[in-house]
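> A predicted structure for the sequence below; I have some questions about it.
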Amino acid sequence: MATLGSTPISTHYFQLQIGGDLALLKGICKRLIEMDDTARQEKRAGILDAAFIAAHTSGFDSFAADVRAESWAVIVGESGLSHDQIDEAALLYAQSERVIACWGMALRNTNARWPRFR
């Protein structure tokens, strides 16, 4: 805006089902944990920053167990995205050096009469 020109602000856009945001986030977490599990089983560097998690979070093991237990069918059904789309988002996140994630919440006026502003 300051340059009076346009600047791309995103590389991907995923249209969720209404109320599907938390399912998507859980799906991304599930895929990242799966990727981390596979990397560690294959004796490669993990995807997750275990040192940061240990130093700055609590309850991560319980969270990870809950995420691992959630079925992909539920995540896909509740998010409105395909497994491939969620995988794409998680892979993009995992491969990025920096990430800006934006989340918006729509507001709905159920009043049939909107106020008029002059």
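In hand now; what should we look at? Please read these numbers as outputs of a predicted model, since none were measured by experiment. Numbers count the residues shown, from 1 in each chain.

> low-confidence stretches in the chain?
Applying pLDDT under 70 to the chain flags the ranges 1-2, 105-118.

> longest helix anywhere in it?
helix 21-41 (DSSP state H).

> output the contacting helices and strands for the next helix or strand after it.
As assigned by DSSP states H and E, the chain's next helix or strand after helix 21-41 is helix 50-56. For helix 50-56, not one helix or strand is in contact under the criterion 3 or more Cβ pairs under 8 Å, 6 or more residues apart in numbering; DSSP states H and E. For the C-beta atoms, the positions are set from N, CA and C on the backbone; glycine is no exception.

> what's helix 50-56 in contact with?
With Cβ atoms under 8 Å, 6 or more residues apart in numbering as the test, helix 50-56 has contacts from residue 60.

> go through the helix or strand just after it and flag the buried ones.
Downstream of helix 50-56, the next assigned helix or strand under DSSP H and E is helix 60-69. With burial defined by 16 or more other Cβ atoms under 10 Å, the residues of helix 60-69 counted as buried are 64, 67.

> now for whatever helix or strand comes next after helix 60-69, which elements pack on it?
Counting by DSSP H and E, the element after helix 60-69 in chain order, helix or strand, is helix 72-79. Helix 72-79 sits against helix 21-41, helix 83-95, with contacts defined as 3+ Cβ pairs under 8 Å, 6+ apart.

> distance of residue 84 from residue 90?
11 Å (Cβ to Cβ, to the nearest Å).

> show me which of these two is the more surrounded one.
residue 90 (21 against 9; other Cβ atoms under 10 Å).

> just to revisit the earlier point, how far does the longest helix of the chain sit from its chain's centre?
A distance of 10 Å separates the centroid of the chain from that of helix 21-41, by Cα atoms, centre = their mean, to the nearest Å.

> and the end-to-end length of stretch 74-83?
11 Å (Cα to Cα, to the nearest Å).

> quick one: contacts of it?
With Cβ under 8 Å, 6+ apart as the criterion, stretch 74-83 contacts 14-17, 19-24, 26-27, 30, 72, 86.
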